[in-house]
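In: Fold the stuff below for me.
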Amino acid sequence: MKPLLATSAVVLLSASLVACSDDDSNADSETGPVGSADLSDADTVRAQAGQLAQMISSLDQVSSALGAESRRKTFENGECDSGSVSPYTASGQSVGSPFTDQTFDLSGETADACRLTGNLDNGDSANDYLEIDGRTASGDVSEGTATILHAAVGVSADQPYRLRYHLDTDQQGSNTVVDIDYGIRVRVDGSDDSETGEEDQRLIFSLGGDYSVSGSANGQNFSSDGRFSSYLGTDDAPFRLFTDSSGHYIDGPTGFSISPAVPQAGCANATAEIATTDALVDAGSGISPFAAGTIEITSGGSTASIQFNSDDTVTLTPDGGAAETVDYAELLAAAGACSGIALTGLAFLGGL
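Out: The predicted structure follows:
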């Protein structure tokens, strides 16, 4: 994996935030996601459902990445242009797994101000970099016919895995400088039972940080800065992904906030609860991952439903409103700019 190559997407995302930021907004994300989304509004429901659809795709990548092997490596060769990445091992660790009382032998790595430099615009100097600090660790044990996994990115909420992007690009007479500094914490506990076919995962994911964008284009200067945070699951209520013979279930709390607000992007600075009311059935082919099943999103006192259909469409029903059926591809696009920054950490983890 070459993490710096993925930062072009960060540039595009940041540019979209500059284009639609409202500098008069006094929204505050210092305390994280608060408030509720108006799920009686059809546009908000489409945006929330679109963000959920992108989240489902990202969660699948994270599950594959973290469950692929016990030893994680952030970089192909473990080398940094400055700083260091060193192996991490710990034996007989009690991790508090919900599936076993056994201890785990953990392995991973510790990054200490590991900086990768790059030159995204092929300019005279390599002035772009990604700097990483933090620890990853994972391990597994057997419990009867089940394999029990524990994986963590970041040590705790107070010691997350930190990423700092600095991008300075000059292209076609325009200059853009982007700085993004955020922390990620992920904990995954899973059980995969080969005899029953049941898979059960509990996820805690949190991301929060700051961004700033400045530059010039067509003789005009621009700048924007702000804060963002998002989470799936908490220590008290992990997000659950469960599969049995009837299908898949995803359930748990989630939240998102960004300040300044992004007008007309369908982004709600809000907390919500996700619940699968009818099992999600694999589609097998097509754009949509599911051919049947229903998910409900509840925020405040309102609830909206998302029903997956067998023809790559979903039916959205706002609280107290009329149902509408849209193509799944249209739903993904409805998530808008905020979905990208909310899921940046998930996308990075999926590429580990």
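
In: Could you report the separation of the residue in the chain sticking out farthest from the centre from residue 300?
Out: Here the chain reaches farthest from its C-alpha mean at residue 219, the gap being 35.7 Å by Cα atoms, centre = their mean. Distance check for residue 219 against residue 300: by Cβ to Cβ, to the nearest Å, it reads 45 Å. Quick note: C-beta positions are derived from backbone N, CA and C, even for glycine.

In: tell me which residues form a beta bridge with residue 273?
Out: Counting by DSSP bridges, residue 273 is bridged to residue 253, residue 298.

In: mind listing what it touches?
Out: Applying Cβ atoms under 8 Å, 6 or more residues apart in numbering, we find residue 273 in contact with 252-254, 297-299.

In: Reformat those residues as TSV; add distance to residue 114.
Out: Below are these laid out as TSV (distance: Cβ to Cβ, whole Å):
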residue	distance to residue 114
252	32
253	33
254	30
297	38
298	41
299	39
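
In: which of these are buried?
Out: The neighbour-count test (16 or more other Cβ atoms under 10 Å) marks 252-254, 297-299 as buried among the contacts of residue 273.

In: Just flag the most distant two among those residues.
Out: 252 and 299 (13.6 Å; Cβ to Cβ).

In: Model confidence for residue 346, exactly?
Out: Residue 346 carries a pLDDT value of 44.

In: Name the residues of the helix or strand containing residue 330 that come out as buried.
Out: Here residue 330 sits within helix 328-333, counting by DSSP states H and E. Buried residues in helix 328-333, defined by neighbour count with 16+ other Cβ under 10 Å: 328, 331-332.

In: Need the contacts of residue 273 in TSV (columns: pLDDT and distance to residue 136).
Out: Shown next, in TSV, are these (pLDDT from 0 to 100; distance: Cβ to Cβ, whole Å):
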residue	pLDDT	distance to residue 136
252	94	23
253	93	24
254	88	23
297	93	31
298	94	33
299	91	32
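
In: Please identify which of these is nearest to residue 177.
Out: For the contacts of residue 273, the nearest to residue 177 is residue 254 (31.7 Å; Cβ to Cβ).

In: can you give me phi and psi for the residue farthest from the centre of the chain?
Out: The phi/psi pair for residue 219 (degrees, to the nearest 10) reads phi 80, psi 0.

In: gap between it and residue 296?
Out: In terms of Cβ to Cβ, residue 219 sits 50 Å off from residue 296.

In: can you check residue 196 too?
Out: Distance from residue 196 to residue 296, by Cβ to Cβ: 27 Å.

In: Give me the more crowded residue out of these two.
Out: A count of neighbours by other Cβ atoms under 10 Å puts residue 296 above the other of residue 196 and residue 296, at 19 against 13.

In: contacting residues around that one?
Out: Residue 296 touches 274-277, 303-306, counting by Cβ under 8 Å, 6+ apart.

In: in what helix or strand does the residue nearest to residue 160 when sequence neighbours are not counted lie?
Out: On the basis of Cβ to Cβ, 6 or more residues apart in numbering, the spatially nearest residue to residue 160 that is not a chain neighbour turns out to be residue 183, at 3.2 Å. Element membership for residue 183 (DSSP H and E) is strand 174-193.

In: Can you give the distance of the host helix or strand of residue 291 from its chain's centre?
Out: Assigned by DSSP H and E, residue 291 belongs to strand 290-299. Its chain's C-alpha centre and that of strand 290-299 lie 19 Å apart, by Cα atoms, centre = their mean, to the nearest Å.

In: Just the CA coordinates for it, please, in PDB.
Out: What follows is strand 290-299 as a C-alpha-only set of coordinates in PDB (Å, rounded to 0.1, in the frame of the first residue of the first chain):
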ATOM      1  CA  PHE A 290     -28.500  -6.600  -0.600                       C
ATOM      2  CA  ALA A 291     -31.500  -7.900  -2.500                       C
ATOM      3  CA  ALA A 292     -33.900  -7.700   0.500                       C
ATOM      4  CA  GLY A 293     -34.000  -6.500   4.100                       C
ATOM      5  CA  THR A 294     -34.900  -3.300   6.000                       C
ATOM      6  CA  ILE A 295     -32.900  -0.900   8.100                       C
ATOM      7  CA  GLU A 296     -34.400   1.800  10.300                       C
ATOM      8  CA  ILE A 297     -32.600   5.000  11.300                       C
ATOM      9  CA  THR A 298     -33.900   6.800  14.400                       C
ATOM     10  CA  SER A 299     -32.800  10.200  15.500                       C
END
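
In: Could you number the chain from 26 rather than 1 from now on?
Out: Right, with 26 as the first residue, what we last looked at is strand 315-324.
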